[in-house]
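*Asks:* pasting the sequence and the predicted model now:
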Amino acid sequence: MKRPTPQLGTETDTLGARIVAWIIDAILMGLITGALVAPLNIFGNARVTLGGSIGLLLTLAYFIYMEATYGQTFGKRLMKIVVVKEDGGPTDMEASLIRNVLRLVDNFPFIYLVGLLFIWFSDRDQRLGDMLADTVVVRVDSQA
């Protein structure tokens, strides 16, 4: 998998694709986490806390690594969108870490309500995590 060429200036045309990409990634991470956590049934009630912690850490690691390395997760790849720095350059580990750790805030109080409000009221459709990481989500350049 290689980092795709971004189509700069398309950040205000990605909300639907971002939502579908998030759903795809959530299903993928749910399946992986479920498979890894299933053996924890031997721990009884502690499995819920342990499983939730494992799921959170795996999901954060997935998003941080994929976006820092390739600019996109599998969901974003399927939806033909990519995360880039505001100047169009590739995301790096620091930007990916910032934008993805702040998913926890963007997700507050549920289903990305804070994140969606930031997207709707920002000029470049940025979540809080995007603003602080200086990133935008744009379409992949289909001509490249």
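*Replies:* Cool, the structure landed.
*Asks:* OK, contacts around the nearest residue to D106 once chain neighbours are set aside?
*Replies:* Leaving aside its chain neighbours, D106 sits nearest to G115 (3.1 Å; criterion: CB to CB, 6 or more residues apart in numbering). In this view, the C-beta of every residue, glycine as well, is placed from N, C-alpha and C. Going by CB atoms under 8 Å, 6 or more residues apart in numbering, G115 touches 103, 106-107, 127-129.
*Asks:* narrow those to just the buried residues.
*Replies:* 103, 106, 127-129 (16 or more other CB atoms under 10 Å).
*Asks:* quick one: the contacts of G115 as CSV, columns for secondary structure, distance to E67 and pLDDT too.
*Replies:* Listed next are these as CSV, based on DSSP: H, G, I helix; E, B strand; the rest coil; distance: CB to CB, whole Å; pLDDT from 0 to 100:
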residue, secondary structure, distance to E67, pLDDT
R103, helix, 11, 91
D106, helix, 14, 87
N107, coil, 16, 85
R127, coil, 13, 95
L128, helix, 16, 94
G129, helix, 11, 95
